[in-house]
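Novice: sequence plus predicted model, see below.
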Amino acid sequence: MISKALQKARDFEKKYLPYTHSEQPAFHLTGGIGWINDPNGFAPYKGEYHLFFQYYPYDTKWGPMHWGHVKTRDFIHWERLPAALAPDTEYDRGGCFSGSAVEMPDGRHLLMYTGVRNIRRRNGKIQAFQTQCVAIGDGVDYEKHPLNPVIDARQLPEGGSTEDFRDPKVWREGEYYYAAIGNRCADGSGTILIYRSADALNWEYVNVLSACHNQYGRMWECPDVFELDGKDVLLVSPQEMAAIGLEFHPGNANVCLIGHVDRESFHLMRDRVQAIDYGLDFYAPQTLLTEDGRRVMIAWMQNWETASCKPQELRFMGQMTLPRELSIRGGRLYQNPVRELEKFRGVKIDYYNVLVNGETSLRGISGRCIDMTITVRPGNESSPYKWFRLYVARDGEHFTLIRFRPDTSTIKVDRTHSGFPHDIVNTREFPARTHNGELKLRVIMDRYSLELFVNDGESAASFVLYTPVEATAVSFSSDGAVLVDVEKYDLEMN
Ligand code: FRU
């Protein structure tokens, strides 16, 4: 049955979605209209990849959460489907918060999400209750199950919070469904709890997969757990993080824990903890496994701190990153744009061994929807360069700057002059090293974003840019001699 609230959202989409095409990014997903945040339910279903997202169609601000819905075959073209969930029951009236999806053995599509109920206490304060709910459907329409909520306070371990209990990531393993869910334990800090069920309706608590103990932020939101290249990986998005060196920025951050999950206890033994993305705009990533065995991740390309900051005229708020292929090399998480992107490469322009010493631009190297790789190496062995800068989305007034310093082994990205119409944090600096003296920067630019991949995916950094699309110039500068290779493709969507 389609509730009134869901029908209203679907009617609204029908009326407004077709009119917004030219304002959209060329190849990054938005809600088309209104607000989006976290990716949800990113999973294969009947030979296609479905993606849902936190969604409020009626405004460009966060509001009572619906689930928007799209699907794709190539991770670049997304087909819009009608909104899948609306907050329309007693247990989710405060919102259908984040969650995930899996194909059931009988071919039905299972969505698992957090239902939020807000209750006003006698002292006037609002208390939220978060429980886990399921909806089952056919890839377009979903029924919320009469047994909802399927996980609530009764299945919480002692000391667990009923207010911060959300974002189930569900998967199937053997005969069971498993779910990893964010919670807060007695010390107030984040934990990721594991639950198990034979039928996706009756769930039992298994164990704490990992606990933060106030070391990496407080509440851990949006967990994802998977095997990758012989390791077990947990991705979390902590709230209230304090900065740690240049690895972790403060606020709503993102953390990857790599190690080994003991299959008896379901506890993660950590080998390494690192940031997933070093940019200003990245949160709540979710992954899936493709049919050909690739672990692909997508994330909200936005940060909560700046989620109210955009040019007034834009009729959408929130974009997803490009889907990225993950791997582990030397114990570290690597990520690169899905290989499908290469099919959209148009004209190629390349240069080899160009000497840069001071400011340079190169004929044909410009554009705003581009896939450009720049390799930098010292131009004079006896006199090392001090810094190398790449300017993009440039015109007389605007630019965004990517600067590498070999002496500090850091990259700094600065969008202060990108035209962002708000006084917010605009720079991020993070660790980056050379390999045999070389640094490789792959820059993917769309109308409203820049994603940087360093050294074939050793690190990544995502940034929203609201620079006028006419600002297409690219230039280079250095203090000291460098030799540069450039390979640039226009990205052409059809
Ligand atoms: C993370 C988050 C989730 C929650 C959702 C609500 O961005 O706070 O924890 O489910 O957003 O929209």
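Specialist: Here it is on my side, so go on. In this text, all values refer to a predicted model and were calculated from it rather than measured experimentally.
Novice: who does the helix or strand of the chain with the lowest mean pLDDT touch, helix- and strand-wise?
Specialist: Lowest by mean pLDDT, DSSP states H and E among the helices and strands of the chain is strand 316-317, with a mean of 93. Here strand 316-317 touches strand 34-45, going by 3 or more CB pairs under 8 Å, 6 or more residues apart in numbering; DSSP states H and E. Yep, even glycine has a C-beta here, placed from its N, CA and C like the rest.
Novice: does the strand it packs on come close to the ligand?
Specialist: Yes - legend: contact between strand 34-45 and the ligand by CB under 6 Å from any ligand atom is shown at 37-38.
Novice: ok, and what's touching the least confident helix or strand of the chain?
Specialist: 20, 23-24, 30-36, 60-61, 302, 307, 310 (CB atoms under 8 Å, 6 or more residues apart in numbering).
Novice: just the buried ones from those?
Specialist: When the contacts of strand 316-317 are checked for burial by 16 or more other CB atoms under 10 Å, the buried set is 20, 24, 30-36, 60, 302, 307, 310.
Novice: quick check: the farthest pair among these?
Specialist: 20 and 307 (19.1 Å; CB to CB).
Novice: so residue 214, which of the three states?
Specialist: Classification of residue 214 by DSSP: H, G, I helix; E, B strand; the rest coil places it in coil.
Novice: contacting residues for it?
Specialist: 187-189.
Novice: residue 183 touches residue 189, doesn't it?
Specialist: No - the criterion here is CB atoms under 8 Å, and residue 183 misses it with residue 189 at 10.1 Å.
Novice: what helix or strand is the residue positioned nearest the centre of the chain on?
Specialist: Among the residues of the chain, the one closest to the centroid is residue 299, at 1.3 Å (CA atoms, centre = their mean). Under the criterion of DSSP states H and E, residue 299 resides in strand 295-300.
Novice: which secondary structure elements does that strand contact?
Specialist: Strand 295-300 packs on strand 34-45, strand 283-289, strand 324-329, going by 3+ CB pairs under 8 Å, 6+ apart.
Novice: distance from the centroid: which residue in this structure tops it?
Specialist: In the chain, residue 382 marks the outermost C-alpha relative to the chain mean, sitting 42.5 Å out by CA atoms, centre = their mean.
Novice: give me the distance between residue 255 and residue 282.
Specialist: Separation of residue 255 from residue 282 (CB to CB, to the nearest Å) stands at 11 Å.
Novice: likewise residue 461?
Specialist: When residue 461 is compared with residue 282 (using CB to CB), they lie 8 Å apart.
Novice: more neighbours: the two, which one.
Specialist: residue 282 (26 against 22; other CB atoms under 10 Å).
Novice: show me what the nearest residue in space to the more buried one that is not next to it in sequence is bridged to.
Specialist: Excluding the flanking residues, the one nearest residue 282 by CB to CB, 6 or more residues apart in numbering is residue 462, at 4.6 Å. Per DSSP bridges, the residues bridged to residue 462 are residue 451.
Novice: list the residues that contact residue 462.
Specialist: Contacts of residue 462 by CB under 8 Å, 6+ apart are 277, 279-282, 299, 301, 321, 449-452.
Novice: could you dump those to a markdown table with distance to residue 291 and pLDDT?
Specialist: A markdown table is the format used below for those (distance: CB to CB, whole Å; pLDDT from 0 to 100):
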| residue | distance to residue 291 | pLDDT |
| --- | --- | --- |
| 277 | 26 | 98 |
| 279 | 30 | 98 |
| 280 | 34 | 97 |
| 281 | 30 | 98 |
| 282 | 26 | 98 |
| 299 | 22 | 98 |
| 301 | 26 | 98 |
| 321 | 22 | 98 |
| 449 | 28 | 97 |
| 450 | 31 | 98 |
| 451 | 25 | 98 |
| 452 | 29 | 98 |
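Novice: show me which of those residues is closest to residue 92.
Specialist: Checking the contacts of residue 462 against residue 92 by CB to CB gives residue 299 as the nearest, at 23.9 Å.
Novice: distance of the closest residue to that closest one other than its chain neighbours relative to the ligand?
Specialist: Excluding the flanking residues, the one nearest residue 299 by CB to CB, 6+ apart is residue 285, at 3.7 Å. To the ligand, residue 285 is 11 Å away according to CB to the nearest ligand atom, to the nearest Å.
Novice: tell me the residues of the stretch 301-450 of the chain that contact the ligand?
Specialist: Counting by CB under 6 Å from any ligand atom, no residue of the stretch 301-450 of the chain is near the ligand.
Novice: next: the stretch 151-300 of the chain.
Specialist: The stretch 151-300 of the chain comes close to the ligand at residues 166-167, 221-222, 283-284, as judged by CB under 6 Å from any ligand atom.
Novice: what's the farthest-apart pair in those?
Specialist: Spatially, the most separated pair among these is 166 and 283, at 14.2 Å (CB to CB).
Novice: in the strand ranked longest in the chain, which residues are buried?
Specialist: Criterion DSSP state E: the longest strand present in the chain is strand 473-491. Neighbour-count burial for strand 473-491 flags 473-478, 480-491 (criterion: 16+ other CB under 10 Å).
Novice: next: stretch 362-381.
Specialist: 362, 365-379.
Novice: who are the contact partners of residue 83?
Specialist: With contact set as CB under 8 Å, 6+ apart, residue 83 has these partners: 6, 9-10, 13, 55, 57, 66-69.
Novice: low-confidence stretches in the chain?
Specialist: For the chain, applying pLDDT under 70 flags the ranges 19-21, 494.
Novice: before we move on, the earlier item: the ligand: which of the residues of the stretch 151-300 of the chain next to the ligand is nearest?
Specialist: Of all those, the ligand sits closest to residue 221, with 3.7 Å by CB to the nearest ligand atom.
Novice: partner residues bridging residue 484?
Specialist: residue 354, residue 376.
Novice: my guess is it meets residue 350, correct?
Specialist: No - between residue 484 and residue 350 there is no contact under CB under 8 Å: 11.1 Å.
Novice: now residue 2: how far from the ligand?
Specialist: For residue 2, the distance to the ligand equals 22 Å [CB to the nearest ligand atom].
Novice: apart from its chain neighbours, what residue comes closest to that residue?
Specialist: residue 141 (7.0 Å).
Novice: next, count neighbours for that neighbour.
Specialist: When counting by other CB under 10 Å, one arrives at 14 neighbours for residue 141.
Novice: from residue 107, how far out is it?
Specialist: Taken as CB to CB, the span from residue 141 to residue 107 is 15 Å.
Novice: again with residue 354
Specialist: For residue 354, the distance to residue 107 - CB to CB - is 56 Å.
Novice: when those two are compared, which one has more neighbours?
Specialist: Neighbours per residue (other CB under 10 Å) separate residue 354 from residue 107, with residue 354 holding more: 15 against 10.
Novice: so that one sits against residue 487, correct?
Specialist: No - using CB under 8 Å, residue 354 makes no contact with residue 487, being 11.9 Å away.
Novice: contacts only, for residue 31.
Specialist: By CB under 8 Å, 6+ apart, the residues touching residue 31 are 53, 55, 57, 68, 316, 318.
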